[in-house]
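1. Sharing a model that was predicted from the sequence below.
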Amino acid sequence: ILNVEQSPQSLHVQEGDSTNFTCSFPSSNFYALHWYRWETAKSPEALFVMTLNGDEKKKGRISATLNTKEGYSYLYIKGSQPEDSATYLCAFAGGTSYGKLTFGQGTILTVHP
Amino acid sequence: DAGVTQSPTHLIKTRGQQVTLRCSPKSGHDTVSWYQQALGQGPQFIFQYYEEEERQRGNFPDRFSGHQFPNYSSELNVNALLLGDSALYLCASSLGSQTRTDTQYFGPGTRLTVL
């Protein structure tokens, strides 16, 4: 059974705070790690697809790093804004899957004005 | 460009009934995946369709079946509904064979409630 774990489960921060959360995944048979942002009543929005160990990706105030050898990825949000409030999901794609994504349970971020 | 669309938005059924959910992929995409999201969990992979064939399947019983049409749209069918099938059903589309590394674009989901 493939385990993808995200921590923390939920997070409350003040506007302007920087924050980060973790996604842990199997270090063997790695192919890709996907990050999504999911706002209430909307479709999950793709943030990053990461494939190489040491990869760093950035989109505005959001960035992510990848360590495939130890099986973790960090997502960082710099200067959080209320509109960053959402559930952040990571998903693992293994070498034996065509396109099956195995998701973590998500981190619920609430940014208070 | 319309993104991934799903219908209906909400659905209420009773135990033992059958349900069909529909998905239209993003323009130009030929691969459709279905996921089930139960409360408090991440989405769980049901199956993926490519070139009108089921290419990969997750750990779901045979009550869950699907179909992909020549225009790449897809249906998810669930027979003999159980209370535990109540969930948000998400459809995701992508292009071609490299769906492990290509972005999968999600629809807004269909909320199924089984009474």
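-> Structure received.
2. So which residues on chain A come close to chain B?
-> Within reach of chain B by C-beta under 8 Å from any C-beta of the partner chain, chain A has these residues: A:4, A:6, A:31-32, A:34, A:36, A:41-44, A:46, A:49, A:51, A:89, A:91, A:93-94, A:97-106. The way it works is simple: take the backbone N, C-alpha and C, and place the C-beta from them, glycine included.
3. which of these count as buried?
-> Taking 16 or more other C-beta atoms under 10 Å in any protein chain shown as the criterion, what is buried in the residues of chain A next to chain B is A:4, A:6, A:32, A:34, A:36, A:43-44, A:46, A:49, A:89, A:91, A:93-94, A:97, A:99-106.
4. so who does the residue of chain A found nearest chain B touch?
-> Taking C-beta to the nearest C-beta, chain B has its nearest neighbour within chain A at residue A:99, 2.8 Å off. Neighbouring residues of residue A:99 by C-beta atoms under 8 Å, 6 or more residues apart in numbering or on different chains: A:93, B:31, B:33, B:48, B:55-56, B:94, B:99-100, B:104.
5. Name the nearest residue to the one residue sitting closest to the centre of chain B, sequence neighbours excluded.
-> In chain B, the residue lying closest to the centroid (C-alpha atoms, centre = their mean) is residue B:34, at 3.0 Å. Among residues not flanking residue B:34 along the chain, residue B:46 sits closest, at 4.2 Å (C-beta to C-beta, 6 or more residues apart in numbering or on different chains).
6. Wait, the one you found touches residue B:56, no?
-> No - taking contacts as C-beta atoms under 8 Å, residue B:46 lies outside contact range of residue B:56: 10.0 Å.
7. Have a look at those two and say which one is more surrounded.
-> residue B:46 (23 against 17; other C-beta atoms under 10 Å in any protein chain shown).
8. That one: which element?
-> strand B:44-50 (DSSP states H and E).
9. Would you mind getting the angle between the helix or strand where residue B:36 lies and strand B:44-50?
-> Here residue B:36 sits within strand B:31-37, counting by DSSP H and E. Here strand B:31-37 points in a direction 170 degrees away from that of strand B:44-50 (axes from the mean of the first three to the mean of the last three C-alpha atoms, to 10 degrees).
10. Quick check: residues of chain B near chain A?
-> So far as C-beta under 8 Å from any C-beta goes, chain B lies against chain A at B:3-4, B:31, B:33, B:35, B:40-45, B:48, B:50, B:55-56, B:58, B:90, B:92, B:94, B:97, B:99-109.
11. Restricted to strands, list these.
-> Mapping the residues of chain B next to chain A onto strands (DSSP state E) picks out B:31, B:33, B:35, B:44-45, B:48, B:50, B:55-56, B:90, B:92, B:94, B:105-106.
12. just to revisit the earlier point, now do the buried residues in the strand holding residue B:46.
-> Within strand B:44-50, the residues that count as buried by 16+ other C-beta under 10 Å are B:44-50.
13. what's the most distant pair in these?
-> B:44 and B:50 (19.4 Å; C-beta to C-beta).
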